[in-house]
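Student: Any chance you could fold what I've pasted below:
(chains A and B)
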Number of protein chains: 2
Amino acid sequence: MTRPYNFSAGPATMPEAVLQQAAAEMLDWHGSGMGVMEMSHRGKEFISIYEQAEADLRELLAVPAHYKILFMQGGGLAENAIVPLNLSRGQPMDFVLTGSWSQKSAKEAQKYGQARTAASGQASQFTTLPAPGTWQLGRDASYVHLCSNETIHGVEFQELPDLKALGCDAPLVIDFSSNVLSRPVDWNRVGLAFGGAQKNIGPAGVTLVVVREDLIGHALPICPSAFDYKLVADNGSMYNTPPTYGIYMAGLIFQWLKAQREGDKTGVAAMEARNTAKAALLYDFLDQSAFYENRVAKDCRSRMNIPFFLKDESRNDAFLDGAKARGLLQLKGHKSVGGMRASLYNALPIEGVQALVDYLREFERTQA
Amino acid sequence: MTRPYNFSAGPATMPEAVLQQAAAEMLDWHGSGMGVMEMSHRGKEFISIYEQAEADLRELLAVPAHYKILFMQGGGLAENAIVPLNLSRGQPMDFVLTGSWSQKSAKEAQKYGQARTAASGQASQFTTLPAPGTWQLGRDASYVHLCSNETIHGVEFQELPDLKALGCDAPLVIDFSSNVLSRPVDWNRVGLAFGGAQKNIGPAGVTLVVVREDLIGHALPICPSAFDYKLVADNGSMYNTPPTYGIYMAGLIFQWLKAQREGDKTGVAAMEARNTAKAALLYDFLDQSAFYENRVAKDCRSRMNIPFFLKDESRNDAFLDGAKARGLLQLKGHKSVGGMRASLYNALPIEGVQALVDYLREFERTQA
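Tutor: Numbers count the residues shown, from 1 in each chain, chains lettered A, B, ... in the order given. Predicted coordinates:
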C-alpha cells in the first residue's frame, strides 16, 4: 500500500526509506547495543554520526571550508534573536520584508538594535519581491537580512542578491528554513544562513546555521552562552547537549539526498531539477484553471510552498474532505492567508503532485 | 537476547517497550498515514499527542493547576540564561553552589544581574551539601537557585528547603534535569523547576519547565521571544515549532511510567521505591569494598548518578574493557572528576545494577 501524500508546510513529509531505516535501528544502532537516543553525545558512536552528518551536509550544499556548520536549537524563530545577538555589534540592521517570516525577523531584531526596512513587498500584499536595485541599504548596516523563501506567502528569491554589486559591504543573512537543500546556495553572496530543520532537513527541534568564520566571535554580552556562535562552533555544536536524535535523522536525510539521481544530476542539483518540474506541474494547472488561483507574480513563485485559493471559498471544506479521502493530507492554508497550500518539499515525489493535480481537475469538474 | 545495560549520564537508556512502540509507529501513527515527525504541530493528531503528554506529566508529578508546564528547547544550559531573563526583574539572585551545574547556572546568570553565592560545598570538593540553615539569603533576591541533583558530583537534595521557614520570601528555582520523575516534588517549596529531557524524560532536545503562574510575564526586554515564558505559555508551547518528536517520545515515557508498579505504589512513587533500592544495592557494595570508593557524604548521595573510583586508577581501562565485554556500557566518569560513574535512571532496571555489582565483585577478586 502506498503512503498518503503529505503536503504539510512543516514539520513535513520524510522519505519512506529514511523512516524505515530509523525504525530498524531504533533499539540497536550498528550493533552498539544502544539506540541513537540512548547514546552519550560525547561517545564515539554519536560523534561518528555527527561528523558524517556534517560532512555530508557540507558536500551537499558545497559549503566552503571557511564557513562553520552549527546544529542548534530553537528553530528559525529563536534565530531571529540569536542572529542579531551575534552579528549586530550595536550597529543598525537592514531587513528586506517579503512576507510573514522576514517581518517577524525584523520585529525581533528591534530588541537588540535598530532594525531598518530596506524594502518591502507589503504594497502588493507580498505577491511580488522588491527588486534589489531599489533596496535602501545603509553604509553602517551590520548585516542585511532576507528570507529566501516565504513559507506562508509563497514567494521565493530565484537568485540571491549580490550586495557588493549594489555597493553594500555588509554580509547577507538568509533565512532558508523552507528552501534549504532544494537548490544550490551561492555562498559568495551569503555570510550566514539559518533554518529550522522541519522542512527539508529533518525533524523539528534542530536548527541549522552556516556562518562565515569572520562573523563569529562578536556576540553581545547579553547573548546566552548556549546561543553564542563562538562557543557553539568551538565545541563542535556540543557546548550543550545537542538534539542528538534529530541530528541523526538529518544525517539519514543527507545520505538519502546524496543517493538521489535525476538525469546526470545528483544530490541538491537533482532535487532542484525535480522541484522545478514538480512546481511547474502544479502552477501550470492552476494558471489554466478558472476555478482555482495562485496570486503570486510568476517570477517570484516558490517551488516549495504553493498557496492557492478556490475562487468560491464556500467549497473549501468539501475540497479538503475530498482530498483527505484520496490520501492527500495537510492541504489547508495558513490561518493568516486562508485558502489552501501545497508544500512540495524534497521528500514529496512528483507522483504526489500528479495525484494532487488529478484531484484538482476532478473536483473542479464535479463542482461545475 | 537481553539488551546491554547502559549507564550513560545522559542522553540515557530508555525503556525497551517505549523504543519498540516508537519503531512500530515510525511510518504511520494510529492510522493517520503519517509518522509523528511528519505531522504539522498545529494538526489535531499532534495536538492530541501534546495534550496527553502534558496531562500525564501533570498527573505523574502532581503539578498543581496554578503551575504551567512548558516544553522548550536548549536544554538546562540554555535555561541558565532563560531563567534570569524571565525571573530576575533587575534584582539580585541567590545561588546555592553544590557542584558543576549550579556553578554554571550562577556564572551564566551574572550576564543578567547580580548572582550571589548563598552557600557553597566547594570546601568539601562538593562531597557534602551546605545545610539550609547556613545559607545567606538576601531580602532583595528575585529568586534562590539550586540544583536538586548534581549529575557530575553525585550529590542530591533528599529534601527541598522550605525557604519560607528560613525567612526568605523569594521563589525557589530548581534545576532537576537529572532527578526529575525519579521522586516526587514538593511544589509548595518550588516556584520553578527546569530540566533537560535526556535523563528521565525523553530524548535530548526537549526542555521541561514547570513554573508558577505568578512568575510568568516579567521577562526582561532583551529576552528572545522564543524563550519568553509568557509567550510560550500563552501559546501552549507552540509559539515556535516545538520539538515534536521529542515530545512524543516523552509522552510514551510518561505512559510507561504510569504503568509501573512497585508493591502498592505506581508512577513516580513506584520509581522512587525502585530507585532507592537500586542505589542502595550499589552504595552498599562500594562501601564494604576496599577496592572501590565513593567519596560523597552518605546523607547527600545521589540515587541517580553514582561516581566511584578504583583506588588503583591504573586499572581503569581494564575495568572499562571488562565491563563493556559483559554488556555494561558507558561507565566512564565525567572528564572533570575522572574515575567511573553509574547513572541509574528510571529506565535502568535493578537487574542492571545487580549485573554491575556482580562485575565489580568479580573484577576486584581477579585483580587482587
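
Student: For chain B, what is the nearest residue in the stretch 251-368 of chain A?
Tutor: Nearest residue of the stretch 251-368 of chain A to chain B: A:Gln330, at 5.7 Å (C-beta to the nearest C-beta). From N, CA and C alone the C-beta is placed, and that goes for glycine too.

Student: contacting residues around that residue?
Tutor: When contacts are counted by C-beta atoms under 8 Å, 6 or more residues apart in numbering or on different chains, A:Gln330 is found next to A:Asn6, A:Phe7, A:Ser8, A:Ala9, B:Ser40, B:Gly43.

Student: hmm, 7 Å instead?
Tutor: By C-beta atoms under 7 Å, 6 or more residues apart in numbering or on different chains, the contact set of A:Gln330 is A:Asn6, A:Phe7, A:Ser8, B:Ser40, B:Gly43.

Student: Repeat that for A:Ile201.
Tutor: By C-beta under 7 Å, 6+ apart, the contact set of A:Ile201 is A:Val180, A:Leu181, A:Gly195, A:Leu208, A:Ala250, A:Ile253.

Student: Please repeat the previous calculation with a cut-off of 10 Å.
Tutor: For A:Ile201, the contacting residues are A:10, A:12, A:53, A:57, A:71, A:177, A:180-181, A:195, A:207-208, A:246-247, A:249-250, A:253-254, A:257, A:345-346, taking C-beta atoms under 10 Å, 6 or more residues apart in numbering or on different chains as the criterion.

Student: Of those, which ones also sit close to chain B?
Tutor: Intersecting these with the contacts of chain B gives A:Gly10, A:Ala12, A:Ser177, A:Thr207, A:Gly246, A:Ile247, A:Met249 (criterion: C-beta under 10 Å from any C-beta of the partner chain).

Student: What subset of the contacts of A:Gln330 is buried?
Tutor: Judged by neighbour count, with 16 or more other C-beta atoms under 10 Å in any protein chain shown as the criterion, the buried members of the contacts of A:Gln330 are A:Asn6, A:Phe7, A:Ser8, B:Ser40, B:Gly43.

Student: hang on, isn't the last one packed against B:Ser32?
Tutor: Pointing back at B:Gly43 there. Yes. Counting by C-beta atoms under 10 Å, B:Gly43 touches B:Ser32, with 8.8 Å between them.

Student: shared neighbours, those two?
Tutor: By the contact definition C-beta under 10 Å, 6+ apart, B:Gly43 and B:Ser32 are jointly contacted by A:Leu329.

Student: Look up phi and psi at A:Ser100.
Tutor: Recorded main-chain torsions at A:Ser100 are phi -60, psi -40, according to degrees, to the nearest 10.

Student: Next up, the contacts around the nearest residue to it once chain neighbours are set aside.
Tutor: Residue nearest to A:Ser100 in three dimensions, not counting chain neighbours: A:Ile152, with 4.5 Å by C-beta to C-beta, 6 or more residues apart in numbering or on different chains. Each residue near A:Ile152 by C-beta under 10 Å, 6+ apart is listed here: A:9, A:99-101, A:126, A:178, A:305, A:307, A:333-337, A:341.

Student: Among those, which are located in helices?
Tutor: Residues from the contacts of A:Ile152 lying in helices, with DSSP state H as the criterion: A:Ser100, A:Trp101.

Student: just the buried members of the contacts of A:Ile152?
Tutor: Neighbour counting by 16+ other C-beta under 10 Å classes A:Ala9, A:Gly99, A:Ser100, A:Trp101, A:Phe126, A:Ser178, A:Asn305, A:Pro307, A:Gly333, A:His334, A:Val337, A:Arg341 among the contacts of A:Ile152 as buried.
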